[in-house]
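K.L.:
Any chance you can model this:
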Amino acid sequence: MRVLGEGTVDKQAFVVMDVQEGIVERFGGSGAYLEGIRQVVAAARNAGVAVFFVRVGFRPGYPEIHPNNRSFRTMRERSAPLGDVHPDLDVRPDDIIVTKKRVSAFSGSDLDMLLRAGGISRLVLAGIATSGVVLSTVREAADRDYVLTVLADGCLDADEEVHRVLIEKIFPRQADVISISSWIESLS
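P.N.:
Down below sits the predicted model:
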């Protein structure tokens, strides 16, 4: 752990975003994907890296969703809850679960406050979907001056070409983009 300045500590966290039961179901259960995320969670815990789970969630009746919000209004109309963090990820009592109200992990959540209170300035990101929560969070986290790593195979998107363009061309402007196995190796 490197001290950056008075009271500032350079720690990292693994942030798993929107890997919820209802979202994973859209990808056919995604067994191989979940196994990769489980490996990262285990490696992070073994290395003493904080694990944060970010989920999208709303109150009953979805009062937070404005009718003009194209991303979420169909959820409100269908009354389709996304569920909790996928049970295969073995959430533990010392893991932090953050509930957000919009696409970015920071929007409508206390994620930034929790990270800063923990002295965390480096984020390792994974989630579903690459073109949704991952893209929005990368952009906002970079604007908030976090040091970013995106796990290329820790992200999923319904559109493989969009995923490829984001991973290969867009994210590298603001983050290191590496594989799950490379990040796990870096911990030893």
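
K.L.:
Next, count neighbours for the closest residue to His66 other than its chain neighbours.
P.N.:
In this structure, His66 finds its nearest non-sequential neighbour in Arg73, 7.6 Å apart by Cβ to Cβ, 6 or more residues apart in numbering. Every C-beta, even on glycine, is put in place using the N, C-alpha and C of the backbone. Using other Cβ atoms under 10 Å, Arg73 is surrounded by 14 other residues.

K.L.:
need the contact list for Arg73.
P.N.:
65-67 (Cβ atoms under 8 Å, 6 or more residues apart in numbering).

K.L.:
And the next helix or strand past the helix or strand harbouring Gly36?
P.N.:
Per DSSP states H and E, Gly36 falls inside helix 31-46. Following helix 31-46 in sequence order, the next helix or strand is strand 50-56 (DSSP H and E).

K.L.:
Could you list every helix and strand in contact with that next one?
P.N.:
For strand 50-56, the elements it packs on are strand 8-17, helix 31-46, strand 96-100, helix 111-117, judged by 3 or more Cβ pairs under 8 Å, 6 or more residues apart in numbering; DSSP states H and E.

K.L.:
mind redoing it with 6 Å?
P.N.:
Using 3 or more Cβ pairs under 6 Å, 6 or more residues apart in numbering; DSSP states H and E, the elements in contact with strand 50-56 are strand 8-17, strand 96-100.

K.L.:
neighbouring strands for it, and are they parallel or not?
P.N.:
Here strand 50-56 is paired, per DSSP bridges, with strand 8-17 (parallel), strand 96-100 (parallel).

K.L.:
Quick check: the most centrally placed residue in the chain vs Ser71, distance?
P.N.:
In the chain, the C-alpha nearest the mean C-alpha coordinate belongs to Met17, at 2.7 Å (Cα atoms, centre = their mean). Separation of Met17 from Ser71 (Cβ to Cβ, to the nearest Å): 15 Å.

K.L.:
on that earlier part again, give me the nearest residue to the residue nearest to the centre of the chain, chain neighbours excluded.
P.N.:
Take Met17 and drop its neighbours on the chain: the residue closest to it by Cβ to Cβ, 6+ apart is Gly127, 3.1 Å away.

K.L.:
buried ones in stretch 122-139?
P.N.:
123-139 (16 or more other Cβ atoms under 10 Å).

K.L.:
Looking at it now, give me its mean pLDDT.
P.N.:
Averaging pLDDT along stretch 122-139 gives 97.

K.L.:
and that stretch, C-alpha only, in PDB?
P.N.:
What follows is stretch 122-139 as a C-alpha-only set of coordinates in PDB (Å, rounded to 0.1, in the frame of the first residue of the first chain):
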ATOM      1  CA  ARG A 122      -7.800   2.000  -7.900                       C
ATOM      2  CA  LEU A 123     -10.800   0.000  -9.300                       C
ATOM      3  CA  VAL A 124     -10.900  -3.300 -11.100                       C
ATOM      4  CA  LEU A 125     -14.200  -3.500 -13.000                       C
ATOM      5  CA  ALA A 126     -16.300  -6.300 -14.300                       C
ATOM      6  CA  GLY A 127     -20.000  -6.600 -15.200                       C
ATOM      7  CA  ILE A 128     -23.000  -6.900 -17.400                       C
ATOM      8  CA  ALA A 129     -23.300  -5.200 -19.900                       C
ATOM      9  CA  THR A 130     -20.100  -3.800 -21.400                       C
ATOM     10  CA  SER A 131     -22.100  -1.200 -23.300                       C
ATOM     11  CA  GLY A 132     -24.200  -0.300 -20.200                       C
ATOM     12  CA  VAL A 133     -22.900  -0.300 -16.600                       C
ATOM     13  CA  VAL A 134     -19.200  -0.900 -17.600                       C
ATOM     14  CA  LEU A 135     -19.000   1.900 -20.100                       C
ATOM     15  CA  SER A 136     -20.900   4.400 -17.900                       C
ATOM     16  CA  THR A 137     -18.800   3.500 -14.900                       C
ATOM     17  CA  VAL A 138     -15.500   3.700 -16.700                       C
ATOM     18  CA  ARG A 139     -16.400   7.200 -17.900                       C
END
